[in-house]
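>>> have a look at this fold, sequence not included:
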C-alpha cells in the first residue's frame, strides 16, 4: 500500500489532539462519528474511482452497482 495523506476537518483534528493529549477530554463519540464519516467518504471515493477506471465493461458495471448501493440510491432511480 502506498503512503497517502488524508485530510480531516480542523475541528476533528483538535478533538483528536484533546483526546490524546488531555486526559480529561470526553468527546469520544464526536471523534468516532467524525472518523466514521471520513472513512465512508474515502470508501465512496474509492468505489467511484474504480467504477470510472475499470478496464472492462463488466467490472465498470460491478463497481457502479456497488457505488450506488453504498450511496443508497434506489433501483428505480438507476439507469
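Received, thanks. These numbers were taken from a predicted model, which means no experiment stands behind them.
>>> I'd say residue 18 and residue 30 touch.
No. Counting by C-beta atoms under 8 Å, no contact exists between residue 18 and residue 30, whose distance comes to 10.3 Å. All C-beta spots, glycine's among them, are computed from the backbone N, C-alpha and C.
>>> now the longest helix along the chain: average pLDDT?
Among all segments of the chain classified by DSSP state H, the helix with the greatest residue count is helix 28-53. In this model, helix 28-53 has a mean pLDDT of 92.
>>> which ones are touching residue 60?
Under the criterion of C-beta atoms under 8 Å, 6 or more residues apart in numbering, the neighbours of residue 60 are 51, 52, 54.
>>> neighbours of the first one, how many?
Translated: residue 51. When neighbours are defined as other C-beta atoms under 10 Å, residue 51 has 18 of them.
>>> who are the contact partners of it?
Residue 51 is in contact with 60, 63, 64, 66, 67, counting by C-beta under 8 Å, 6+ apart.
>>> rerun at 7 Å
Taking C-beta atoms under 7 Å, 6 or more residues apart in numbering, we find residue 51 in contact with 60, 63, 64, 67.
>>> just the buried residues out of these, in PyMOL syntax.
Command for PyMOL, covering only those of the contacts of residue 51 found buried under the criterion 16 or more other C-beta atoms under 10 Å:
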select buried, resi 63+64+67
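>>> between the contacts of residue 51, which is nearest residue 38?
Out of those, the one with the shortest distance to residue 38 is residue 67. That distance is 17.7 Å, counting by C-beta to C-beta.
>>> check what pLDDT that closest one gets.
For residue 67, the predicted pLDDT is 84.
>>> now swap in residue 20 and tell me
Listed pLDDT for residue 20 reads 89.
>>> what helix or strand is it on?
Using DSSP states H and E, the secondary-structure element containing residue 20 is helix 10-21.
>>> for that helix, name the packing helices and strands.
Helices and strands touching helix 10-21, as assessed by 3 or more C-beta pairs under 7 Å, 6 or more residues apart in numbering; DSSP states H and E, comprise helix 28-53.
>>> only the buried residues of the helix it packs on, if you could.
By neighbour count on 16+ other C-beta under 10 Å, the buried set for helix 28-53 is 31, 34, 47, 48, 50, 51.
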